[in-house]
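Undergrad: Curious how this folds, go ahead:
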Amino acid sequence: MTVRRTLPQRTRSLIGAWCFADHYGPDDVAESGGMDVAPHPHTGLQTVSWLFSGEIEHRDSLGSHALVRPGELNLMTGGHGISHSEVSTPDTGVLHGVQLWVALPDEHRATARDFQHHAPRPVRLDGVGIRVFLGTLAGSTSPVRTFTPLLGAEIVLEPGAGTALPVDPAFEHGLLVDTGEIHFAGTSLHPAELGFLPAGAAHLTLANESDAPARAVLLGGTPFEEEIVMWWNFIGRSHEDIVRAREDWMAGLGGPRFGEVRGYDGAPLPAPELPSTPLRPRGRAR
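TA: Okay, the predicted model is just below:
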């Protein structure tokens, strides 16, 4: 599969509590083979799955069995520990979407496993379509629970359309462009580029000056002031947190901390070897 990792990157580790963004496809499943990710663990985070096309079957150790479809949010809370699998369905022709992670604040990073599904109603402005899957934007509020103030929305601009969206000035924002060319707060962004706007803005200006539709994912949140250690599928606060999580996973590729994923045909993924030097914390300023 074609995967572009736009967060974290050298100049920025976090946008609000958003700490990871993989932008994948569009890929013809007949050629790529699609997605088949065996059961694997997570700690200290929430995973956000959002598709533009295709369909993914989700199973987790909470017992959830759900389909990820375009325009529908699947949010899984890893907390102290969870495991899940992700497989594109046989009906999928073209697979295309984003996989996003949210870092849990220290007081909640050992919270219980959870899974939520939400299909937001589209909001129509003049030449602009918006689906708010987390937080509040354009008069639409998602009911999905988060542990820090967040914003997540898909925005589609028709050719020549533009808008100025009122937003919380306490939020910093990132715009990940999927298709087209979008002018974001005065900067031109192309597909797979991620624009960043620091906290302080009361409006976000977006414009599509091309003759084709443009689509992007808007991410926002209050600045996340804690440092995190992120390695493989784990988020902790120290090298020792990660070592412990890896040991707990490898002790049975599941076990009481992560549980068992039922219904997946195959073995869980083993963790890679840790690096030879201690993992270093990083914060939003990097």
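Undergrad: quick one: contacts for the closest residue to residue 279 other than its chain neighbours?
TA: With C-beta to C-beta, 6 or more residues apart in numbering as the criterion, residue 279 has its nearest non-adjacent residue at 4.5 Å, and that residue is residue 239. All C-beta atoms are positioned from the backbone trio N, CA, C, and that covers glycine. Residue 239 sits next to 229, 278, 279, 280 when contact means C-beta atoms under 8 Å, 6 or more residues apart in numbering.
Undergrad: now, which of the residues you listed sits nearest residue 218?
TA: residue 229 (27.2 Å; C-beta to C-beta).
Undergrad: what's the closest one sitting at in phi/psi?
TA: phi -110, psi 120 (degrees, to the nearest 10).
Undergrad: which one's the longest helix in this protein?
TA: Ranked by residue count and defined by DSSP state H, the top helix of the chain is helix 239-250.
Undergrad: List the neighbours of the next helix or strand after that one that are in contact with it.
TA: Next in sequence after helix 239-250, counting helices and strands by DSSP states H and E, comes helix 255-258. Contacts to helix 255-258, defined as C-beta under 8 Å, 6+ apart, come from residues 41, 61, 80, 81, 82, 83, 245, 248, 249.
Undergrad: Enumerate the positions of helix 255-258 that are buried.
TA: 257, 258 (16 or more other C-beta atoms under 10 Å).
Undergrad: Show the contacting residues for the nearest residue to residue 227 once chain neighbours are set aside.
TA: In space, and not counting its chain neighbours, residue 227 is closest to residue 281: 3.8 Å by C-beta to C-beta, 6+ apart. Listed by C-beta under 8 Å, 6+ apart, the contact partners of residue 281 are 227, 228, 229, 237, 238.
Undergrad: Output those in CSV; the columns should cover pLDDT and distance to residue 160.
TA: Shown next, in CSV, are the contacts of residue 281 (pLDDT from 0 to 100; distance: C-beta to C-beta, whole Å):
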residue, pLDDT, distance to residue 160
227, 96, 43
228, 97, 41
229, 97, 45
237, 97, 47
238, 97, 51
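Undergrad: which among those residues gets closest to residue 128?
TA: Looking across the contacts of residue 281 and measuring by C-beta to C-beta, the closest to residue 128 is residue 228, at 33.8 Å.
Undergrad: Residue 106 versus that closest one, what's the distance?
TA: Per C-beta to C-beta, to the nearest Å, residue 228 is found 9 Å from residue 106.
Undergrad: so what's in contact with the two at the same time?
TA: residue 237.
Undergrad: just the CA coordinates of stretch 183-203, formatted as PDB?
TA: Extracted C-alpha coordinates of stretch 183-203, given in PDB (Å, rounded to 0.1, in the frame of the first residue of the first chain):
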ATOM      1  CA  HIS A 183      -5.100  27.800   0.300                       C
ATOM      2  CA  PHE A 184      -5.000  27.500   4.100                       C
ATOM      3  CA  ALA A 185      -4.400  30.600   6.100                       C
ATOM      4  CA  GLY A 186      -2.600  32.200   3.200                       C
ATOM      5  CA  THR A 187      -0.400  29.100   2.300                       C
ATOM      6  CA  SER A 188      -0.900  26.900  -0.700                       C
ATOM      7  CA  LEU A 189      -1.100  23.200   0.200                       C
ATOM      8  CA  HIS A 190      -0.900  20.300  -2.300                       C
ATOM      9  CA  PRO A 191      -1.900  16.600  -1.900                       C
ATOM     10  CA  ALA A 192      -0.200  14.800   1.100                       C
ATOM     11  CA  GLU A 193       1.000  18.100   2.500                       C
ATOM     12  CA  LEU A 194       0.100  19.100   6.100                       C
ATOM     13  CA  GLY A 195      -0.200  22.700   7.000                       C
ATOM     14  CA  PHE A 196       0.000  24.000  10.500                       C
ATOM     15  CA  LEU A 197      -1.500  27.100  12.200                       C
ATOM     16  CA  PRO A 198      -0.600  27.900  15.800                       C
ATOM     17  CA  ALA A 199      -3.200  28.800  18.500                       C
ATOM     18  CA  GLY A 200      -4.600  32.300  18.400                       C
ATOM     19  CA  ALA A 201      -6.700  32.300  15.200                       C
ATOM     20  CA  ALA A 202     -10.500  32.900  15.500                       C
ATOM     21  CA  HIS A 203     -11.200  31.900  11.900                       C
END
